[in-house]
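Trainee: mind folding the following:
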Amino acid sequence: MNNLANFLDAKLAPIMSKVSNQRHLAAVRDGLVATIPLTIIGAIFLLIATFPFPQAYVDFMANHVTIYNALMLPFNLTIGLLSIYVSFSIGYHLAKTYNISSLLGGISATLCFLATIGITAIEDGSYISKAYLGGEGMFSAILTSILAVEVMRFCDRHNLKIKLPDSVPQNIGNSFDALLPVTVSVSIVTMIVHIFGFDINESIATLLTPLLSASADSLILPIIYVILTALMWFVGMHPGILKATVLPIWTINAVANMEAYAAGAAIPHVGVEPFIFTFLWIGGGGGTLALCLMMCFSKSKSIKSLGRLSIAPSLFNINEPILFGVPFILNATFFIPLLIGPLINVFITYFAFTSGLVAGMGNPLAAAWNFPSFLAGFLCTNSWTGVALVIVNFLVYFAVYYPFFKIYEKKSLMEERGLENE
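Mentor: Below you'll find the model as predicted:
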């Protein structure tokens, strides 16, 4: 086991650290995280407008279209325009890493993304198609945001800017500094999409998005996610980078699920964030809430104290006190349930959703990762079957962790008795 730990620390840790520090991936991660309040707002209003019971409430919404449309407006202005917010946020964060104007970086990125959409003229005026402003335009937003900021960086590095007299106020001068790079980046996108006829959004929606969605909807991704999480915690690395790499496709799938739910259609995707963070990470990474509950009633004074100190954060899926207090790092005893428990629940959760035993995750953004799973299970599925699945998985964790907890407790009791004898 020590050889495995040394190998992982030597081989896995440097790779993960390098990926985590890669500025473009970090900007995408931070950009998506910044939009979480918007997605939660949209999800809450969708939940209010489409709450599935009691039947009197459902009938009321069906008979009062004006109220329903008013409640759906925040959903359409947040989830429906998500790629616009993402483009600004990514541009802002990426520009910040280059020490150039983050505000102008966000504005330039947004303009570049909107240039991929175009304007359609009609008899009464013109309009921008909403088709790719939500989740389907996410990857286009990421690419164009990176392009916009990289052009700004290139111009800044080579001092390619419009210079104004020193008498011009600095804030105005800074705005003109971005004039050339913004013109260049928007011109590039406009030429590719509207002159050469290469529709970036349509190409990504046709080729890339279905491929990534299929991988996220399979068993492969959650299995890999669970295995890497266990290995990283074992060597003392926080697995947050894993979420950053799959968050874009989770977000795209989540938007598609919410749009399908709002339209009364079948929920298309199981590969969304709550699959891991609600139904697997019950109490935090590795599903340690069951272990924490056992610790609260342990015969060992030290274990009981740690359990009772950790139970409140564990209810909100924050389990660092448990992971570092036990500790799980380089702990061969707890590495086994940390890996086996989530793997078993991957199969249970996947079967529950794909078989239809549990309602689809039609509102997967309604609950953030730190919502208690027993509440989040209902919010993201709009069904008590989601709560039932959380309970089943919790019981599995309890059964898996129990024998290893008893080993841990026995060792702790022996140490405490030894101290008392001394």
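
Trainee: check contacts around the most centrally placed residue in the chain.
Mentor: For the chain, the residue nearest the mean C-alpha position is residue 247 (4.2 Å; Cα atoms, centre = their mean). Listed by Cβ atoms under 8 Å, 6 or more residues apart in numbering, the contact partners of residue 247 are 28-29, 32-33, 273. Quick note: C-beta positions are derived from backbone N, CA and C, even for glycine.

Trainee: tell me the domain ranges of this structure?
Mentor: 24-207, 220-421 (automatic domain parsing).

Trainee: would CSV of those domains with distance to residue 214 and mean pLDDT be doable?
Mentor: Listed next are the domains of the chain as CSV, based on distance: least, Cβ to Cβ, whole Å; pLDDT from 0 to 100:
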stretch, distance to residue 214, mean pLDDT
domain 24-207, 12, 88
domain 220-421, 8, 92
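
Trainee: show me where this structure has its strands.
Mentor: 120-122, 125-127 (DSSP state E).

Trainee: now render those as TSV, adding distance to residue 333 and mean neighbour count.
Mentor: Formatted as TSV, these follow (distance: least, Cβ to Cβ, whole Å; neighbours: other Cβ atoms under 10 Å):
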stretch	distance to residue 333	mean neighbour count
strand 120-122	63	8
strand 125-127	62	9
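
Trainee: list just the one of the domains of the chain that sits closest to residue 213.
Mentor: With Cβ to Cβ as the criterion, residue 213 lies closest to domain 220-421 of the domains of the chain, at 5.7 Å.

Trainee: starting at the chain centroid, how far to the closest one?
Mentor: 15 Å (Cα atoms, centre = their mean, to the nearest Å).

Trainee: what's the answer for stretch 148-163, then?
Mentor: For stretch 148-163 - counting by Cα atoms, centre = their mean - the centre lies 32 Å from the chain centre.

Trainee: so what touches that stretch?
Mentor: Here stretch 148-163 makes contact (Cβ under 8 Å, 6+ apart) with 91, 94-95, 98, 100-101, 104-105, 108-109, 111-112, 176-182, 184-185, 188.

Trainee: looking at the domains of the chain, which is buried most?
Mentor: domain 220-421 (a mean of 20; mean count of other Cβ atoms under 10 Å).

Trainee: got the contact list for residue 45?
Mentor: Residue 45 sits in contact with 71-75, where contact means Cβ under 8 Å, 6+ apart.

Trainee: tabulate these (JSON lines), appending distance to residue 402.
Mentor: Shown next, in JSON lines, are these (distance: Cβ to Cβ, whole Å):
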{"residue": "71", "distance to residue 402": "45"}
{"residue": "72", "distance to residue 402": "46"}
{"residue": "73", "distance to residue 402": "49"}
{"residue": "74", "distance to residue 402": "45"}
{"residue": "75", "distance to residue 402": "43"}
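
Trainee: so which of those residues comes closest to residue 125?
Mentor: residue 73 (21.1 Å).

Trainee: which non-adjacent residue is nearest that closest one?
Mentor: Spatially, and ignoring its direct neighbours in sequence, residue 73 is nearest to residue 45 (7.7 Å; Cβ to Cβ, 6 or more residues apart in numbering).
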